[in-house]
Each structure stands twice: as C-alpha cells, then as structure tokens.
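Student: All I have is the shape, not the residue letters:
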C-alpha cells in the first residue's frame with residue numbers, strides 16, 4: 001500500500017518515529033540502529049515502508065533502504081519470526097551482515113539479536129540458505145558501497161574467500177574488508193595481510 005513515506009521527522013523514540021506528511025503523522029516502527037543518533041527532529045527523511053496487517057491492528061515498519069526492507073520481508077517468511085523478531089534482527093545487524101551470517105552458517109552472530117535464540121537462528125539459516133548465496137551477499141555489499149573497478153571486486157571477493165577458508169565468519173570477514181581501502185593496484189596478498197592484522201586487534 002505504501003512504498004515509502006517522505007516528510008518531516010517530528011518525533012523519535014527508541015523503536016519508532018513519527019513522520020508528518022500532508023498534515024498526517026505516521027507512526028513507523030524502525031530498527032533501533034536508525035534512532036541511535038542517526039536522525040534529527042525537523043529534518044526531511046524518507047523511509048521505505050511495509051504495512052503489516054492483522055485482524056486487530058495495522059502497523060507500519062520503516063527502513064532506510066530498499067535493501068533493508070527486502071531483508072525484512074525475507075525474514076518474515078521464516079517460521080517463528082514475526083515482524084518484531086525481524087525488526088530485532090535488523091536492529092542488531094545490517095541486511096548484509098545477516099546475509100553473510102546465513103551463508104557462513106554463523107549461528108552465534110544471528111543469536112545476538114534480542115529474542116533470537118540458538119534454535120531460531122539455526123532455523124533461520126536452514127530456511128534462508130537456499131535463498132541467499134555468497135555471490136549475492138558480495139554483490140549487494142558492492143551495490144551499497146562506492147562503485148569500484150572490476151579488479152577491486154575480484155580482489156575483495158578472493159580475500160573474502162581466503163578469510164572464510166581460514167575459519168573466520170563471513171560476517172566478520174566482510175566487516176573487516178569494508179574498512180580496508182582497495183585500489184586498482186591492490187593485490188589479494190596485501191589486502192589479506194591487512195585484514196588479518198586488523199582482525200588480530202579486535
């Protein structure tokens with residue numbers, strides 16, 4: 001019904017915001033990462049929305065990007081994870097961190113979300129592993145970052161594969177690589193050494 005809502009941010013609470021558009025205030029539940037100092041009252045904002053309908057309630061959920069919205073909708077299809085559980089996951093992890101956790105079967109990372117226990121995390125991985133691939137996760141990581149030359153993408157992908165082969169979770173490897181500048185002159189060995197050095201400091 002609503003693709004997105006754009007307007008003035010009037011109120012900010014821990015897990016929801018109020019956006020005024022056309023004289024109407026829309027209460028929208030959002031990931032807590034959005035309300036943690038990223039938004040300011042009075043500014044113009046645009047959130048991508050999902051209308052959740054039950055017999056006794058209509059609830060709007062909002063996200064900063066279409067990618068996060070798509071992940072929310074994907075999570076809703078997992079048995080035992082309703083809108084609150086999906087929102088809790090996206091409050092703790094970005095959409096791409098969830099992708100990397102799924103492809104690497106990283107139960108520990110997914111279980112960090114409030115209300116998501118080990119069994120639920122395992123079920124999430126089982127139900128989504130056929131819908132998410134490492135290539136999809138890497139491609140999405142590039143789509144949400146600056147556009148890089150083809151060589152940069154290859155170096156990043158090979159470094160990612162090397163780190164996961166060494167036993168690091170895909171989520172940790174992706175987070176580390178995102179903090180390393182990869183240029184056209186970069187090679188896999190140099191990037192891998194820097195990544196291992198950074199991970200040793202965590």
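Tutor: Received the coordinates, thanks. Here the structure is a predicted model, which means the values were calculated and not measured.

Student: On the three-state scheme, the spatially closest residue to residue 60 that is not a sequence neighbour is what?
Tutor: Excluding the flanking residues, the one nearest residue 60 by Cβ to Cβ, 6 or more residues apart in numbering is residue 28, at 4.6 Å. Backbone N, C-alpha and C define where each C-beta goes, glycine included. Following DSSP: H, G, I helix; E, B strand; the rest coil, we place residue 28 in the strand state.

Student: show me where pLDDT drops low in the protein?
Tutor: 1, 37-38, 134-153, 201-202 (pLDDT under 70).

Student: Let me see the ranges of the strands in it.
Tutor: 4-12, 16-21, 24-29, 44-53, 58-63 (DSSP state E).

Student: okay, these, which one's buried deepest?
Tutor: Mean neighbours per residue, mean count of other Cβ atoms under 10 Å, is largest over the strands of the chain for strand 58-63, with a mean of 20.

Student: helices or strands next to it in the packing?
Tutor: strand 24-29, strand 44-53, helix 66-76, helix 83-92 (3 or more Cβ pairs under 8 Å, 6 or more residues apart in numbering; DSSP states H and E).

Student: who does the first one pair up with?
Tutor: Meaning strand 24-29. strand 16-21 (antiparallel), strand 58-63 (parallel) (DSSP bridges).

Student: between the ones you listed, which gets nearest to residue 111?
Tutor: strand 58-63 (22.1 Å; Cβ to Cβ).

Student: Run through who's touching the closest one.
Tutor: With Cβ atoms under 8 Å, 6 or more residues apart in numbering as the test, strand 58-63 has contacts from 2, 5, 17, 26-31, 34, 47-52, 69, 72, 83, 87, 90.

Student: now it: how far from the chain's centre is it?
Tutor: With Cα atoms, centre = their mean, to the nearest Å as the basis, strand 58-63 stands 17 Å off its chain's centre.

Student: what angle do that strand and strand 44-53 make?
Tutor: 140 degrees (axes from the mean of the first three to the mean of the last three Cα atoms, to 10 degrees).

Student: between strand 58-63 and helix 83-92, how many degrees?
Tutor: Angle of strand 58-63 versus helix 83-92, following the same axes, to 10 degrees, is 20 degrees.

Student: coming back round to it: mind putting the strands of the chain into TSV with distance to residue 186?
Tutor: Putting the strands of the chain into TSV (distance: least, Cβ to Cβ, whole Å) gives the following:
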stretch	distance to residue 186
strand 4-12	37
strand 16-21	40
strand 24-29	41
strand 44-53	34
strand 58-63	32
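
Student: what residue of the chain is the furthest out?
Tutor: residue 23 (31.7 Å; Cα atoms, centre = their mean).

Student: got the contact list for it?
Tutor: Residue 23 touches nothing, counting by Cβ under 8 Å, 6+ apart.

Student: That's all I had, so thanks and see you.
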